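Trainee: everything below, folded, please.
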Amino acid sequence: MFENKTEQQAREEILDMVRQYADRFHGQAKEFQEGQKIPYASRVYDSAEMVNLVDSALDFWLTSGRYTEEFEKKLAQYLGLRYCSLVNSGSSANLLAFMALTSPLLGERRICRGDEVITVAAGFPTTVTPILQFGAVPVFVDVTIPQYNIDVTQLEKALSERTKAVMIAHTLGNPFDLGAVRAFCDRYGLWLVEDNCDALGSVYTIAGKKRLTGTIGDIGTSSFYPAHHMTTGEGGAVYTDNALLHKIIRSFRDWGRDCVCPSGHDNLCGHRFDKKYGELPLGYDHKYVYSHFGYNLKATDLQAAIGCAQIEKLPKFVERRRHNFDRLKAGLIAEGEAAGIADKLILPEACEHSQPSWFGFLITCGEGVDRSRVVQYVESHGVQTRMLFAGNLTKHPCFDEMRASGRGYRVVGSLANTDRIMADSFWIGVYPGMTDEMLDYMARTIIMAIKEQ
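Mentor: Model (predicted):
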């Protein structure tokens, strides 16, 4: 098949076949029929992702390489930041973001065991897990309804002499009050980590300037799991504008090593064998000098190749998510008013000064509405639902021992809204592959679920 062809000619022929295959077997949109399953999220892609994936496979480099470098550069440019590090998941991104703040290179500002980090219990566990696993103390603050983000009026009450950082997520794409949180962190010299895994593309106006979420804190994180705003399959990213934090993040990501040479490159600094580190012999190979107790959290070039195609689509993905959210909300209001039950649902509201890139549409059931019955009805009619992740994380079995001992975490107030969300809230999707017909059907189905009670 490839006789008398150069490697490049053979590659181009293969990739053209892949493009045709993807267009033929992956690019056929199907008309929606009521009752068909509508997932809360799904991949949206075309032949570009598949061509990139196969192109990377033909290199057989497998670990991080040319596509990784390209993707990190493109995402940093999109965010308007200097530094971006691709990792193997959003959870790993949160781990790296937190662990970077424990580095001895940060001096008195480093987080030590026993120090406190302000966060919320209404969210995904891996925003909090790194804090606990390291031996720091999460301080849980309640959230507001219907924004579902941290109640900033509780920040001062959460503060102690051991507070070192705030680490919280933008809930389902809705930014938390970055103006208030950033001012609080600046006032007390605290680090701010934005878990941006559900909010890539969201915008917040601060000091009169529109900024993408994830860029206002000291460190931002993203997830590229298939359900998220864009996908690399598994994957995530950590980003910052701080050169020292970037150096630390790369060290923790790449086994804890001191050397910053990328994979496949040696001695870029010209000093691989002529320096003294710690108690190692003079001239010990810098590629095997370790300044942190790190991990291997790199992604593969196969994942990055998909990301390079996805990031080109990201602006349109964000635009469509906003359209889907607005149409779904308008439909629920109209259907609810027509049925005389508009007061039975609490619909989500964007944070002031923000333009969310919505990940999902969160609904809280009103007085007398049984969430379990609503969810079962909606699911039985093909609309997939999700809870707001952990609900109240402190109620889960992993907290049993700490709860019994009264050690390991601290709670500010009663977490009443967090418990309300755990009992009464659920969400449905607004991913870019949804059509208006799907959205309208979802609105009708939810209202019917309430009428059927």
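
Trainee: now do the strands in the protein.
Mentor: Listed in chain order, the strands of the chain (DSSP state E) span 83-87, 116-120, 137-141, 163-169, 191-195, 203-206, 209-212, 219-223, 236-240, 345-346, 354-355, 360-365, 410-411, 425-429.

Trainee: pipe these into JSON lines and attach mean neighbour count per row.
Mentor: To be clear about C-beta, it is placed using only N, CA and C from the backbone, and glycine gets the same treatment. Shown next, in JSON lines, are the strands of the chain (neighbours: other CB atoms under 10 Å):
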{"stretch": "strand 83-87", "mean neighbour count": "25"}
{"stretch": "strand 116-120", "mean neighbour count": "26"}
{"stretch": "strand 137-141", "mean neighbour count": "24"}
{"stretch": "strand 163-169", "mean neighbour count": "25"}
{"stretch": "strand 191-195", "mean neighbour count": "26"}
{"stretch": "strand 203-206", "mean neighbour count": "18"}
{"stretch": "strand 209-212", "mean neighbour count": "14"}
{"stretch": "strand 219-223", "mean neighbour count": "29"}
{"stretch": "strand 236-240", "mean neighbour count": "29"}
{"stretch": "strand 345-346", "mean neighbour count": "18"}
{"stretch": "strand 354-355", "mean neighbour count": "20"}
{"stretch": "strand 360-365", "mean neighbour count": "24"}
{"stretch": "strand 410-411", "mean neighbour count": "16"}
{"stretch": "strand 425-429", "mean neighbour count": "24"}
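
Trainee: how about these in TSV, adding distance to Asp151?
Mentor: As requested, the strands of the chain are exported to TSV (distance: least, CB to CB, whole Å):
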stretch	distance to Asp151
strand 83-87	31
strand 116-120	9
strand 137-141	6
strand 163-169	11
strand 191-195	17
strand 203-206	17
strand 209-212	22
strand 219-223	22
strand 236-240	27
strand 345-346	16
strand 354-355	16
strand 360-365	15
strand 410-411	13
strand 425-429	16
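
Trainee: adding mean pLDDT, write those strands out as CSV.
Mentor: Shown next, in CSV, are the strands of the chain (pLDDT from 0 to 100):
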stretch, mean pLDDT
strand 83-87, 98
strand 116-120, 98
strand 137-141, 98
strand 163-169, 98
strand 191-195, 99
strand 203-206, 98
strand 209-212, 98
strand 219-223, 98
strand 236-240, 98
strand 345-346, 97
strand 354-355, 98
strand 360-365, 98
strand 410-411, 96
strand 425-429, 98
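
Trainee: nearest to Arg322, out of those?
Mentor: strand 354-355 (7.6 Å; CB to CB).

Trainee: quick one: residues contacting the most centrally placed residue in the chain.
Mentor: Nearest residue to the geometric centre of the chain (CA atoms, centre = their mean): Cys197, 0.9 Å. Cys197 sits next to 90, 93-94, 124, 169, 221-223, 228, 236 when contact means CB atoms under 8 Å, 6 or more residues apart in numbering.

Trainee: the same query, at a cut-off of 6 Å, please.
Mentor: 90, 222-223 (CB atoms under 6 Å, 6 or more residues apart in numbering).

Trainee: let me know the closest of those to Tyr78.
Mentor: Using CB to CB, these come closest to Tyr78 at Ser222, 10.5 Å.

Trainee: show me what the residue lying closest to that closest one once chain neighbours are set aside is bridged to.
Mentor: Distances taken as CB to CB, 6 or more residues apart in numbering place Ala237 nearest to Ser222, at 4.5 Å, with adjacent residues excluded. Per DSSP bridges, the residues bridged to Ala237 are Leu86, Ser222.

Trainee: tell me if I'm right that Ala237 and Leu86 touch.
Mentor: Yes: applying CB atoms under 6 Å, one finds Ala237 in contact with Leu86, separated by 5.5 Å.

Trainee: can you tell me how far the residue nearest to the centre of the chain is from Gly123?
Mentor: Going from Cys197 to Gly123 by CB to CB, to the nearest Å gives 10 Å.

Trainee: next, the distance between the ends of stretch 170-183.
Mentor: Its first and final residues considered, stretch 170-183 spans 17 Å by CA to CA, to the nearest Å.

Trainee: quick one: average pLDDT of it?
Mentor: For stretch 170-183, the mean pLDDT works out to 98.

Trainee: buried stuff in it?
Mentor: By neighbour count on 16 or more other CB atoms under 10 Å, the buried set for stretch 170-183 is 170-179, 181-182.

Trainee: stretch 260-273 too?
Mentor: Arg272.

Trainee: give me the nearest residue to Leu302, chain neighbours excluded.
Mentor: Ser56 (5.0 Å).

Trainee: wait, I meant Glu72
Mentor: Closest to Glu72 by CB to CB, 6+ apart is Cys84, at 4.5 Å.

Trainee: domain ranges for the protein, per the record?
Mentor: Listed by automatic domain parsing, the domain ranges of the chain are 1-30, 54-302, 313-451.

Trainee: would you mind finding the most buried of those?
Mentor: Here the criterion is mean neighbour count by mean count of other CB atoms under 10 Å, and of the domains of the chain the winner is domain 54-302, at a mean of 20.

Trainee: ok now it, how far from the chain's centre?
Mentor: Centroid separation for domain 54-302 versus its chain: 11 Å, with CA atoms, centre = their mean, to the nearest Å.

Trainee: and what of stretch 15-34?
Mentor: The answer for stretch 15-34 is 28 Å, by CA atoms, centre = their mean.

Trainee: give me the distance between the two termini of stretch 371-388.
Mentor: 13 Å.

Trainee: give me the distance between Ala390 and Ile206.
Mentor: 28 Å.

Trainee: should've said Ser222
Mentor: Taking CB to CB, one finds Ser222 at 19 Å from Ile206.

Trainee: same check, this time on Gly189
Mentor: 19 Å.

Trainee: what's the longest helix in this structure?
Mentor: helix 301-339 (DSSP state H).

Trainee: mean confidence for it?
Mentor: Across helix 301-339, the per-residue pLDDT values average to 97.

Trainee: separation between the residue lying closest to Glu34 once chain neighbours are set aside and Pro348?
Mentor: Take Glu34 and drop its neighbours on the chain: the residue closest to it by CB to CB, 6+ apart is Tyr441, 5.5 Å away. Going from Tyr441 to Pro348 by CB to CB gives 19 Å.

Trainee: again with Tyr148
Mentor: Applying CB to CB to Tyr148 and Pro348 gives a distance of 7 Å.

Trainee: thanks again, I'm all set now.
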